[in-house]
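Enquirer: Sequence first, predicted model second:
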Amino acid sequence: MKRDGRNKSFWQTLEGQNFSTDFTDLVFDTIIVGAGITGVTLAKKLQDSGVKCLLLDKENPGFGTTGGTTAHINNFYDASYDEIIANFGEQAARLLVNSTKDTLDHIKKNVLRYHINCDFEECDFFLFSAEESQNEQLDRILAAHQQLGLKTLPSNTLPFSLPFVKAIRIEGQAQFHPLKYLLGLLDAFGKNGGAILTNQSIVAYENKEGEITLKTSDERIFTAKNIVWATHIPPGRNRFDLLVAPYRSYALTLKLQHAPEMLAQTADLYDPYHYFRYHRTGDGYYLIAGGFDHRTGDERDTEKHFYDLKELVNKNFEYQEVTAQWSSQYYVSADGLPYIGRMPNEPNVYIATGYGGNGMTFGSMASLIIPDLLLNKETALAKLLSPARIKPIASAKSVLSEGWSASQHFIMDKLSADKIDAFENIPLEEGRIVKYEGKTFAVYRDEQAVLHCLSSVCPHMGCTVNWNPSEKSWDCPCHGSRFDIEGKLLNGPATSGLQEMDR
């Protein structure tokens, strides 16, 4: 199974296949675009509720972040509960705690109901301070958890060979093999008559008089009452260009010689934080390590982050070998909580984005929110996570910061292109932004020394893309669109690829 980068994740051991199902009817209640954790979980939930839906993806299922997650299923979030209480109130925090429990129960029920063999395990999470200066933050988190009734206690031990000052043990976590879980749900959806269309992109889209009409690259025209963009940031230009920001995280999987004392998860309190978990598949045990996150497109030397992660692992763990390394993209919201629900001013359009590093939980939670909204039932959880919400205190600083970052790239990257005579100084398998005879190119030289020349301008909003040497992709630093060496679109919000250019 393919994903949106050169590096293969630990989960990409499954054979690719044609996931599309046979169907002739082109009229649906709801079209879901994106076959990751959000889209697939929602499609099965809607099917169980009697809603006729089409699941559509321009690639294979799990091509995006779901194929590159580290697959933590947690009952707490990057925005800690003390922060959520401060920004949204205690009642909202309690609602989120209860809704998260319902979400984890929903995942477990799916595993059992559909007999999905996906390495599902329940375990605890150990959050720790790595320095004395982090103790106060850890104490605030512990107090908030205890205030909200989330089972959390101080811990004198850590089931990982990492140095720490203080630690807490948070009960009630889970983990799995995300692609096996995804394919299990897809199999159940297809066997029950679900319509799945993969490897087909949307070439035309219209939302007129309460009806969605779209045309796919195989020339079929579909209509529906509603559409769900399960694609992180919605395509095109909209308010979420300012309200969410793209980031990349780096991960390694290491085969262990011996079974750990217990399956567990852990993270420190640095910003960005480093995170670890054990994984059991068959008779083998692995350590999954991640971190060194940065905003998409902001780092020139992306290979360095793998080097730093390996240095951290080598310093603290014994293992047999590194079995996989990869990076993956996620989106951070302006106020710490995701946007799940109706698109503002478009009552038949739904989105789910801004999960931060909690995609498996929030992506599954979307299936507990959107089905009710389709029936015009707005629950308290739907109000809390509404894409139309405005939380000035929580989000103003973040919105201004991300907006400034995007604007800075828009201006400065136009001025910083390399001036390379005749493109001769570009090494094999490397990319550069080049100014030549009044034009700006995104140029890649492949292993046969053939140059691939593209426009350097992201078609979304005109920012200049940057080269990602680790994933061999062109990444937009403004809003996270990504493109391969041929200019093909890997990730939105752009709706088309980079234009081919002649020198």
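Expert: Everything's here; your move.

Enquirer: what pLDDT does residue 411 get?
Expert: With respect to pLDDT, residue 411 has a value of 44.

Enquirer: can you give me the strands in the stretch 201-350 of the chain?
Expert: Taking DSSP state E, counting those that start in this stretch as the test, the strands found in the stretch 201-350 of the chain are 202-208, 211-216, 221-229, 244-255, 264-267, 275-281, 284-295, 321-333, 339-343, 346-353.

Enquirer: quick one, which of those is nearest to residue 47?
Expert: The minimum distance between residue 47 and the strands of the stretch 201-350 of the chain falls on strand 221-229, with 13.5 Å, by CB to CB. Every C-beta, even on glycine, is put in place using the N, C-alpha and C of the backbone.

Enquirer: Show me what counts as buried in that closest one.
Expert: For strand 221-229, burial by neighbour count (16 or more other CB atoms under 10 Å) applies to 222, 224, 225, 226, 227, 228, 229.

Enquirer: again with stretch 115-125
Expert: Using 16+ other CB under 10 Å, the residues of stretch 115-125 that count as buried are 116, 118, 119, 120, 121, 123, 124, 125.

Enquirer: and the residues you listed as JSON lines, adding secondary structure and pLDDT?
Expert: Conversion of the buried residues of stretch 115-125 to JSON lines gives the following (DSSP: H, G, I helix; E, B strand; the rest coil; pLDDT from 0 to 100):
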{"residue": "116", "secondary structure": "coil", "pLDDT": "98"}
{"residue": "118", "secondary structure": "coil", "pLDDT": "97"}
{"residue": "119", "secondary structure": "coil", "pLDDT": "97"}
{"residue": "120", "secondary structure": "coil", "pLDDT": "98"}
{"residue": "121", "secondary structure": "strand", "pLDDT": "97"}
{"residue": "123", "secondary structure": "strand", "pLDDT": "98"}
{"residue": "124", "secondary structure": "strand", "pLDDT": "98"}
{"residue": "125", "secondary structure": "strand", "pLDDT": "98"}
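
Enquirer: Tabulate those (JSON lines), appending distance to residue 93.
Expert: Compiled in JSON lines, the buried residues of stretch 115-125 are given as follows (distance: CB to CB, whole Å):
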{"residue": "116", "distance to residue 93": "31"}
{"residue": "118", "distance to residue 93": "30"}
{"residue": "119", "distance to residue 93": "31"}
{"residue": "120", "distance to residue 93": "27"}
{"residue": "121", "distance to residue 93": "27"}
{"residue": "123", "distance to residue 93": "23"}
{"residue": "124", "distance to residue 93": "21"}
{"residue": "125", "distance to residue 93": "18"}
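
Enquirer: Format the strands of the stretch 201-350 of the chain as CSV; extra columns: mean pLDDT and distance to residue 446.
Expert: As requested, the strands of the stretch 201-350 of the chain are arranged in CSV below (pLDDT from 0 to 100; distance: least, CB to CB, whole Å):
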stretch, mean pLDDT, distance to residue 446
strand 202-208, 94, 28
strand 211-216, 96, 30
strand 221-229, 98, 34
strand 244-255, 95, 23
strand 264-267, 98, 39
strand 275-281, 97, 35
strand 284-295, 96, 26
strand 321-333, 95, 21
strand 339-343, 96, 39
strand 346-353, 95, 34
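
Enquirer: Please identify which of the ones you listed is closest to residue 460.
Expert: Closest to residue 460 of the strands of the stretch 201-350 of the chain is strand 244-255 (CB to CB; 11.5 Å).

Enquirer: before we move on, which element is residue 108 in?
Expert: Per DSSP states H and E: residue 108 is located in helix 90-113.

Enquirer: who's in contact with residue 285?
Expert: Residues in contact with residue 285, defined by CB atoms under 8 Å, 6 or more residues apart in numbering, are 255, 256, 258, 259, 260, 278, 279.

Enquirer: Any figure for the gap between the residue lying closest to the first one once chain neighbours are set aside and residue 269?
Expert: The reference is to residue 255. Residue nearest to residue 255 in three dimensions, not counting chain neighbours: residue 320, with 4.6 Å by CB to CB, 6 or more residues apart in numbering. In this structure, residue 320 and residue 269 are separated by 30 Å, where distance is defined by CB to CB, to the nearest Å.

Enquirer: now swap in residue 254 and tell me
Expert: As defined by CB to CB, residue 254 lies at a distance of 23 Å from residue 269.

Enquirer: who has more neighbours, the two?
Expert: Remark: of residue 254 and residue 269, residue 254 carries more neighbours, 23 against 20, as counted by other CB atoms under 10 Å.

Enquirer: beta partners of the more buried one?
Expert: Bridge pairing for residue 254 (DSSP bridges) gives the partners residue 287, residue 322.

Enquirer: How about the contacts made by it?
Expert: Taking CB under 8 Å, 6+ apart as the test, what residue 254 contacts is 286, 287, 288, 289, 313, 317, 319, 320, 321, 322, 323.

Enquirer: Among those, which one has the most neighbours?
Expert: Each of the contacts of residue 254 was scored for neighbours by other CB under 10 Å, and residue 289 scores highest at 25 neighbours.

Enquirer: how deep is the spatially closest residue to residue 427 that is not a sequence neighbour tucked in, by neighbour count?
Expert: Leaving out its chain neighbours, the residue that sits closest to residue 427 by CB to CB, 6+ apart is residue 445, at 6.8 Å. The criterion is other CB under 10 Å. On that basis, residue 445 has 20 neighbouring residues.

Enquirer: which SSE is residue 185 in?
Expert: Using DSSP H and E, residue 185 falls in helix 178-191.

Enquirer: List the first helix or strand encountered after the lowest-mean-pLDDT helix or strand in the chain toward the C-terminus.
Expert: Within the chain, no helix or strand scores below helix 392-412, which has a mean of 50 by mean pLDDT, DSSP states H and E. Helices and strands here follow DSSP H and E; after helix 392-412, the next one along the chain is strand 430-436.

Enquirer: And the next helix or strand past that following strand?
Expert: Defined by DSSP H and E, the subsequent element after strand 430-436 is strand 439-445.

Enquirer: got the CA coordinates for that following strand in CSV?
Expert: Coordinates of the C-alpha atoms in strand 439-445 are reproduced here as CSV (Å, rounded to 0.1, in the frame of the first residue of the first chain):
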residue,chain,number,x,y,z
LYS,A,439,11.7,32.3,-14.3
THR,A,440,11.6,30.4,-11.0
PHE,A,441,11.7,26.6,-11.1
ALA,A,442,11.4,23.7,-8.7
VAL,A,443,14.1,21.4,-10.1
TYR,A,444,14.9,17.8,-9.3
ARG,A,445,17.7,15.7,-10.8
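
Enquirer: For the helix or strand that it is followed by, which helices and strands make contact with it?
Expert: Following the chain from strand 439-445 toward its C-terminal end, the next helix or strand by DSSP H and E is strand 451-455. Applying 3 or more CB pairs under 8 Å, 6 or more residues apart in numbering; DSSP states H and E, one finds that strand 451-455 makes contact with strand 439-445.

Enquirer: Buried ones in the strand it packs on, by neighbour count?
Expert: Neighbour-count burial for strand 439-445, with 16+ other CB under 10 Å as criterion, is recorded at 440, 441, 442, 443, 444, 445.

Enquirer: Cross-check the contact I'm expecting between the first one and residue 454.
Expert: No. Using CB atoms under 8 Å, residue 440 makes no contact with residue 454, being 10.3 Å away.

Enquirer: The buried residues of strand 221-229 into JSON lines, with extra columns for distance to residue 42?
Expert: Putting those into JSON lines (distance: CB to CB, whole Å) gives the following:
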{"residue": "222", "distance to residue 42": "17"}
{"residue": "224", "distance to residue 42": "14"}
{"residue": "225", "distance to residue 42": "15"}
{"residue": "226", "distance to residue 42": "11"}
{"residue": "227", "distance to residue 42": "12"}
{"residue": "228", "distance to residue 42": "6"}
{"residue": "229", "distance to residue 42": "11"}
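
Enquirer: Noted, bye for now.
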